[in-house]
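Peer 1: Fold the following.
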Amino acid sequence: MELILWRHAEAEDGFPDAARKLTEKGLQQARNMAKWLKPRLIKNTRILVSPANRTQQTALALSKNFETTPEVGTSTTADRVLAAANWPYEEGMILIVGHQPTLGNVAASLICPNHTGFSIKKGAIWWFSYKQSADTENTLLRAVISPDIVQA
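Peer 2: You can find the predicted model right below:
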C-alpha cells in the first residue's frame with residue numbers, strides 16, 4: 001500500500017475556518033505539487049479530501065475525481081484518517097488531502113508511535129509505503145517533499 005499525506009497549501013487567515021480559501025501563493029503551491037504528483041500516482045489512486053474549502057482547492061489542482069469526507073477533516077484524529085484510508089490493508093495508493101496537526105500525528109504514528117506528531121509544512125507531501133512478506137512488516141517513509149522544492 002502507498003499512502004500520501006498532502007497538507008493543504010497556504011490559506012488566508014480568518015474565520016469561519018472551513019471557508020478559508022487558498023492565497024495566490026497557496027494556489028501556486030498546489031499547482032506545483034500537483035504537477036510533481038501527477039506522473040507518480042498510479043491509475044485509480046483513491047483521493048480522500050477534507051470538506052474544508054482550502055483542501056478542496058488544493059485537491060482540485062490535481063484532479064476533480066476525489067472523495068470528500070469529514071474522516072480527514074479539520075476535527076478528525078489520526079486513527080480516523082488511517083481507518084478511512086484502510087491502512088495498511090488497502091491495495092494500491094491512497095492520497096489524503098488534510099490538515100495539521102492531524103497529518104503530522106498520522107505521520108508520527110506510522111514512524112514512531114510514541115512521538116506525539118510532526119510538523120508538516122503547508123502544501124507539502126509525506127509519502128509512505130507498507131510492505132509485508134511472510135515474516136516481516138515494514139512501513140517506509142519514501143519521500144517528504146516541500147512545495148518550495150517543486151517550483152515550476
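
Peer 1: contact partners of the biggest helix by length in the chain?
Peer 2: Scanning the chain for the longest helix, with DSSP state H as the assignment, gives helix 24-37. Helix 24-37 has contacts (C-beta atoms under 8 Å, 6 or more residues apart in numbering) with 4, 6, 8-11, 22, 54, 57-58, 60-62, 95, 122-125, 145, 147, 150-152. Heads up, the C-betas are built off the backbone N, CA and C, glycines and all.

Peer 1: Run a quick neighbour tally on residue 26.
Peer 2: 23 (other C-beta atoms under 10 Å).

Peer 1: Residue 115: what secondary structure?
Peer 2: The assignment at residue 115 comes out as coil when based on DSSP: H, G, I helix; E, B strand; the rest coil.

Peer 1: where's the residue nearest to it when sequence neighbours are not counted, which helix or strand?
Peer 2: Leaving aside its chain neighbours, residue 115 sits nearest to residue 108 (4.3 Å; criterion: C-beta to C-beta, 6 or more residues apart in numbering). For residue 108, the host element (DSSP states H and E) is helix 102-111.

Peer 1: now that helix: how far from the chain's centre is it?
Peer 2: 11 Å (C-alpha atoms, centre = their mean, to the nearest Å).

Peer 1: buried sites along that helix?
Peer 2: Across helix 102-111, burial judged by 16 or more other C-beta atoms under 10 Å covers 102-110.

Peer 1: ditto for stretch 82-98
Peer 2: 82, 84-85, 87-88, 93-98.
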